[in-house]
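>>> quick one: sequence and predicted model below, then my questions.
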Amino acid sequence: MKKDIHPAYAPVVFRDKSADFAFLTRSTMTSTKTIEWEDGETYPVVDVDISSASHPFYTGQAKVIDTAGRVERFRQRYGDKS
């Protein structure tokens with residue numbers, strides 16, 4: 001890798017305020033806001049709109065789409081050629 005062309009890769013806390021959920025990971029993102037983490041260290045914090053704690057797919061609130069109905073409507077409209 002070339003030197004001095006890559007952004008800094010450091011620990012960052014990502015926080016989902018809507019779900020009251022935060023996690024510490026490493027990222028190239030930075031922020032002027034900071035938070036004191038469970039280990040007593042201070043890290044930059046990035047607020048996100050959606051995380052795995054609030055996304056409908058991961059929380060089990062996702063809606064199921066009736067794909068069988070769509071296939072039947074397609075076959076009725078255009079016929080079954082097979």
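Sure, I can see it. Quick caveat: nothing in here was measured; it's all calculated off a predicted structure.
>>> helix, strand, or coil at residue 69?
Secondary structure for residue 69, judged by DSSP: H, G, I helix; E, B strand; the rest coil, is helix.
>>> next up, phi/psi of the residue nearest the centre of the chain, please.
What sits nearest the mean C-alpha location of the chain, by Cα atoms, centre = their mean, is residue 51, with 4.3 Å. Main-chain dihedrals, residue 51, degrees, to the nearest 10: phi -130, psi -180.
>>> roughly how far does it sit from residue 28?
Distance, residue 51 to residue 28, by Cβ to Cβ, to the nearest Å: 18 Å. Any C-beta I mention is one placed from the backbone N, CA and C, and that applies to glycine too.
>>> give me the distance between the nearest residue to residue 51 once chain neighbours are set aside and residue 54.
Once flanking residues are discounted, residue 51 sits nearest to residue 16: 3.8 Å by Cβ to Cβ, 6 or more residues apart in numbering. In this view, residue 16 and residue 54 are 6 Å apart by Cβ to Cβ.
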